[in-house]
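> Here is the input, now give the coordinates:
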Amino acid sequence: MVKMVSSPSSPVTITVSSSGGKGGGGIRSMGLTSPIRRNSPLSSRGNGASSGGRRASRGETGKYCSMSQEETEEVSSEFVNYTVHIPPTPDHQPMNSSQSSLLDDDAKDPGKPNRSYISGTIFTGGFNSVTRGHVIECSTDQTEMVKSMATVCAMNGCDGKALKGDGRVPCDCGFKICRDCYLDCLGNGSNCPGCKEPYRDVTDDNGDGSEADDQACPLPSMLDRRLSLVKSFKAPNNPPDFDHNRWLYETKGTYGYGNAVWPKDGYGGGSGVNGFEHPPDFGERSGRPLTRKVLVSTAILSPYRLLMVIRLVALGFFLTWRIRHPNHEAMWLWGMSVICELWFALSWLLDQLPKLCPVNRVNDLSVLKCRFESPNLRNPKGRSDLPGIDVFVSTADPEKEPPLVTANTILSILSVDYPVEKLACYLSDDGGSLLTFEALAETASFARIWVPFCRKHRIEPRNPEAYFGQKRDFLKNKVRLDFVRERRRMKREYDEFKVRINSLPESIRRRSEAYNAHEELRAKRKQMEMGSNPSEPLKVPKATWMSDGAHWPGTWSSAEIDHSRGDHAGIIQAMLAPPNSEPVMGSEADEENPIDTAEVDIRLPMLVYVSREKRPGYDHNKKAGAMNALVRTSAIMSNGPFILNLDCDHYIYNSLALREGMCFMLDRGGDRICYVQFPQRFEGIDPNDRYANHNTVFFDVNMRALDGLQGPMYVGTGCIFRRIALYGFSPPRATEHHGWFGRRKMKLFLRAPRKVAKEKDEMVLPINREHDEDDDGDIESLLLPKRFGNSVILAASIPVAEYQGRLLQELQGKGSQGRPAGSLAVPREPLDAATVAEAISAISCYYEDKTEWGKRVGWIYGSVTEDVVTGYRMHNRGWRSVYCITKRDAFRGTAPINLTDRLHQVLRWATGSVEIFFSRNNAMFASRRMKFLQKVAYFNVGIYPFTSFFILVYCFLPAMSLFSGQFIVESLNVTFLTLLLVITITLCFLAILEIRWSGITLHDWWRNEQFWLIGGTSAHPAAVLQGLLKLIAGVDISFTLTSKSAAPEDGDDEFADLYVVKWSFLMVLPITIMMVNTIAIAIGVARTIYSPFPQWSKLLGGVFFSFWVLCHLYPFAKGLMGKRGKVPTIVFVWSGLVSIIISLLWVYISPPSGGRQGYMQFQFP
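Residues are numbered from 1 along each chain as shown. Coordinates of the predicted model:
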């Protein structure tokens, strides 16, 4: 049987071919054909795929499918059939004996529609190639299994036929139950076993009414009869207001004192007067704001601003005095020092100006729950009205980014405290590795027990590696008696899970070697049968094989055509299908289920594996290209109006982090917020934070200060985006700043019905025919394919995402667009094969050709720091951003603690800044919609690497002064010392006040100062040179992926990488600076001591500044020495001797003034 299925909005056609084998078994293959065909290497090895299918068998860890030669003959030769082994997941479970025994009883029941097992199908395809959907089947025909499973009672221990009646089940939640079990439930409280709510009116087969007939039922028409969001969105008018009289008629609501009395638990049966409770006060709590801006105390901020002014004035006087009093004895020394000081003053001013208006923000999660998840007039059942969130996790190399680290991040996402049906997780594997694929499958299987365990016991954090590695008392605030027992079981399950993940590389290697050896034997046998010379070498590709005996469509361990890192097909696999809209309770503990989940919702969010297509000759744009592929895939498959992106080593440390971020997006004025940035917090850092890995000065001082302007910068991870802001659309309202320093403001309403003058690249979203007075709406619609590509489903999802991300109508101002409350409390549309096929075409390597992806849509291309550029573009259109610092860290990750890795990380950031400076993303070309101080902050981002050249000169100046016997000034004048003292004291007081209003420590501030000089003398100069080479000579810049360290094993040193010395060219300049300044101090001291006319003032000045340089480079020197005790003492002895010898040679070659005779003689007074 062949079925043709096509999507009206896509050119992709799905051909479903099913063939029956002996014994009722079979396998179905879905070939998804694109208009342009491509000859795949697998198509020439059809027999190999078939034989691989015959070798497959059924095991304990998953489903295997068998396929015989007779079965393959019935399938069209146009398609290739092979199977995929997937470990069992909650949405893809092997059948037990009781279920398989029912297949013959109900196989002929045609009443139920066939269900699409998206979670059991791997989709592949790409440019000029056939798009295939490889369906995982068991040994029984799937159509019969689904039809029979749909009529089986879901009660434990019961295999009776479920009630069908007029085609509906007794409860709205869809829980299947037979007649006998239903009558038992009616006699034991009339509650549905699935959703725990009272049954609505259902009569038995004899037509006799039961006691439940007299009970009032909730308003089913509000939710069950509501059109889908897409249909209601396309309606010309908004949904009508809530019919209060109808609600009173169809529920138990009654009139009392002029208002409806709200029944307890939603529908009556309370213990108040006449069984009713007073209605909740919806106007008090839900009307309160979700967030508040807390200004820094005036007692701190006012002196802070005053000190900035004082220091700026002192710098002006100091530089004026320095310019007017040159050192005529050493003009070259004076000139270099003055130029450096002028640049340092400008750099300090650019860094300090954005810190004028720091703010703090707090949110109220109770108001969020009351407003969006509590029963109200439009949402009687209290279903979640929160918008959906798509979570992106990116990885590229399983060797540098261990699969166990990625798996723990995925588990923390799946168990986050957010409505399950509103959450979807996408993993981007840019390397196309089978190791990552199978590790994700194991993660989906382990999530079946880990996620309910976290929900039941409110585990924090919900990363199993971090949770079980905590050294605090795990019994704190735990009151359930079964917690200790279930925690012990869960720890054992996680240890077994780690063993399975760690054994995957070896398992894949052995499996592939065995299959490749078998293929070589087959090839030799075939060669002998054809009569060829056996001595001729055979070229058999060293493929990577999946568990079912099929070729992995991604990257192979030995690179081959169509199977290398830069040349492989696109892959999409839904590991976990979208969950039901109603809660699904688990079962009691047994052999298969280690914990009791009878009172826990066991649903899991949708989990999707994505590996975009890569082909030679295409620029794939590294991480930015991978993120844009996820944006398109998620828009087609789930279309959450908000997006959270995380690195594979950054996990959710606070399960309420998503809710706290959504408070800002959904509060009044939140429609102007493009993203909510969270601070980055790190684990595994040495206690002394030798290389300033925590970067607290940037995250707690600079970013908090930017929050008082137009918002913080985007830093690459831990950020919740508004989807339409990523699409390049302008905000609904913006402010233009005119005049000097932007003092004159002009407000723009970009989505108003009246015509507004737009900029050259303005992109306004036409919603609900807002532009009826002109043809702007039609023009924007016609430009969508040019901007977003030829996917009709993607284009149709844009207005839906905009509608779902709107604020509630009561929060919007007069004449503004908003969505009614309860409009998102509807189930999602099911995911089908045609939708996934469309997503496959959207991740092809040619999809972005002649579109604006990477130019103004999505993550921006052209820089290694695509995160900063992407955030800059949004701010430049008038969007605002918010910095969310939670009481409990929202996310935590890892950072390189090795000196070399840290320097290369800083090099990559600084190179991106240089690229920004020499591009149109320079803040000097920003629009008027960006505030003046925000422009200053972005300009400083692009210019700070150039400060490194002045730092280098100033680090060598003390040594030059000691070598030459001169100083930057002729003498230590009182005016010079006074101004220098004022500048130093104001700097110290500014640092103290920054510590007060930001919450950092003095240690953090000092470590940041030290590493600023280390980076300025090593990575920043190299970054400037690389940027200039790219600009002038077109030399491309490539960086290696930063290695992520896995959790240390028991007994291993947690900070072992800290003491590893890896040589790098970036270390040359700091080492030279340290050696030169050390030798200069020795020479200066020796010269002054042996001089007949010692000049102690010049020696004091030179030694002070040399010592200042060496103190800043101390962490670098300590990193070169490795672990304490590893460097032999003789090294220090020889270093001291060499320094003394060089100093004496310099004194001998350049003797002090007064003649050579007697200058080596020393006389005591």
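
> got the buried residues for the host helix or strand of Leu748?
Per DSSP states H and E, Leu748 falls inside strand 744-749. Across strand 744-749, burial judged by 16 or more other C-beta atoms under 10 Å covers Leu748. Where you see a C-beta, it was placed from the backbone N, CA and C, and this is true even at glycine.

> Give the pairing partners of it; include direction for each.
strand 733-738 (antiparallel) (DSSP bridges).

> Which residues does the strand it pairs with contact?
Contact partners of strand 733-738, identified using C-beta atoms under 8 Å, 6 or more residues apart in numbering, comprise 672, 743-750, 877-879, 927-932.

> same question for the strand holding Leu748, mean pLDDT?
Averaging pLDDT along strand 744-749 yields 75.

> chain center to that strand, what's the gap?
Its chain's average C-alpha position is 34 Å from that of strand 744-749, according to C-alpha atoms, centre = their mean, to the nearest Å.

> Kindly format the C-alpha coordinates of that strand as CSV.
Taking Å, rounded to 0.1, in the frame of the first residue of the first chain, the C-alpha atoms of strand 744-749 are listed here in CSV:
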residue,chain,number,x,y,z
ARG,A,744,15.7,65.9,22.7
LYS,A,745,13.5,62.8,22.4
MET,A,746,10.9,61.9,19.8
LYS,A,747,8.6,58.9,20.3
LEU,A,748,7.6,56.7,17.4
PHE,A,749,4.7,54.3,17.1
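
> Numbering from 761 from now on, please.
Sounds good: first residue 761 from here, last item strand 1504-1509.

> Show me where the stretch 1111-1260 of the chain has its helices.
1125-1132, 1163-1174, 1194-1217, 1224-1228, 1243-1289 (DSSP state H, counting those that start in this stretch).

> nearest to Asn1837, of these?
Closest to Asn1837 of the helices of the stretch 1111-1260 of the chain, according to C-beta to C-beta: helix 1163-1174, at 40.9 Å.

> So for Phe1548, what's the pLDDT?
91.

> ok, now how distant is it from Val1391?
10 Å (C-beta to C-beta, to the nearest Å).

> Now Ala1585. Nearest residue, chain neighbours left out?
Arg1143 (3.9 Å; C-beta to C-beta, 6 or more residues apart in numbering).

> I'd say that neighbour and Ala1581 touch.
No. Judged on C-beta atoms under 8 Å, Arg1143 makes no contact with Ala1581 at a distance of 11.5 Å.

> Contact partners for Pro1401?
Pro1401 neighbours (C-beta under 8 Å, 6+ apart): 1147-1148, 1482-1484, 1561-1562, 1564-1565.

> Buried residues of stretch 945-959, list them for me.
945-946, 952-955, 957-959.

> same check, this time on stretch 1099-1117
Applying 16+ other C-beta under 10 Å to stretch 1099-1117 flags 1100-1101, 1103-1105, 1107-1108, 1110, 1112-1115 as buried.

> Go through these and name the one nearest Gly1421.
Out of the buried residues of stretch 1099-1117, the member with the shortest distance to Gly1421 (by C-beta to C-beta) is Pro1114, at 23.0 Å.

> do you know how far that closest one is from Asp1361?
Distance from Pro1114 to Asp1361, by C-beta to C-beta: 45 Å.

> And for Ser1134?
18 Å.

> quick one, which of the two is more surrounded?
Asp1361 (17 against 14; other C-beta atoms under 10 Å).

> Burial check on the closest residue to the more buried one other than its chain neighbours, number of neighbours?
Spatial nearest neighbour of Asp1361, excluding adjacent residues (C-beta to C-beta, 6+ apart): Pro1343 at 4.3 Å. Look at Pro1343: counted by other C-beta under 10 Å, it has 17 neighbours.

> helix/strand/coil for Pro1343?
coil (DSSP: H, G, I helix; E, B strand; the rest coil).

> May I have the predicted confidence score for it?
So, for Pro1343, pLDDT stands at 89.

> Settle this for me: it is touching Cys955, isn't it.
Yes. Pro1343 is in contact with Cys955 according to C-beta under 8 Å; the separation is 6.1 Å.

> Give the intersection of the neighbour lists for the two.
Common neighbours of Pro1343 and Cys955 (C-beta under 8 Å, 6+ apart) are Cys933.

> so what's Ser1866 up against?
Ser1866 makes contact with 1718-1719, 1722, 1837, 1840-1841, according to C-beta under 8 Å, 6+ apart.

> Could you look up the SS state of Val1370?
strand.

> What residues does it make contact with?
Going by C-beta under 8 Å, 6+ apart, Val1370 touches 1186-1189, 1331-1332, 1389-1390, 1393, 1603.

> Check Gly1702 too.
Neighbours of Gly1702 in contact, by C-beta under 8 Å, 6+ apart: 1673-1674, 1676-1677, 1681-1683.

> Among these, which one has the most neighbours?
Val1674 leads the contacts of Gly1702 on contacts (other C-beta under 10 Å) with 27 neighbours.

> secondary structure class for Ile1403?
Once three-state DSSP is applied, Ile1403 turns out strand.

> Residue ranges in the stretch 1461-1610 of the chain under the pLDDT threshold?
Applying pLDDT under 70 to the stretch 1461-1610 of the chain flags residues 1502, 1510-1542, 1571-1576.

> what residue ranges in the stretch 911-1060 of the chain score low on pLDDT?
For the stretch 911-1060 of the chain (pLDDT under 70), the answer is 911, 916-919, 924-929, 932, 947-950, 960-1046.

> can you tell me which residues contact the residue nearest to Ala1452 when sequence neighbours are not counted?
Distance criterion C-beta to C-beta, 6+ apart; nearest residue to Ala1452, sequence neighbours excluded, is Phe1771 at 4.0 Å. Residues in contact with Phe1771, defined by C-beta under 8 Å, 6+ apart, are 1451-1452, 1875.

> where do the helices sit along the stretch 1661-1810 of the chain?
Using DSSP H, counting those that start in this stretch, helices in the stretch 1661-1810 of the chain cover 1692-1703, 1707-1724, 1734-1758, 1762-1776, 1779-1792.

> mind listing the helices in the stretch 1411-1560 of the chain by residue range?
Counting by DSSP H, counting those that start in this stretch, the helices of the stretch 1411-1560 of the chain are 1417-1426, 1456-1457, 1463-1466, 1483-1486, 1536-1548, 1552-1564.

> so which of the ones you listed comes closest to Ser889?
Per C-beta to C-beta, nearest to Ser889 of the helices of the stretch 1411-1560 of the chain: helix 1552-1564, 20.1 Å.

> In that closest one, which residues are buried?
In helix 1552-1564, residues buried by neighbour count (16+ other C-beta under 10 Å) are 1552-1564.

> ok, then the element right after it?
Downstream of helix 1552-1564 (by DSSP H and E), the next one is helix 1593-1602.

> Sweet, I'm off.
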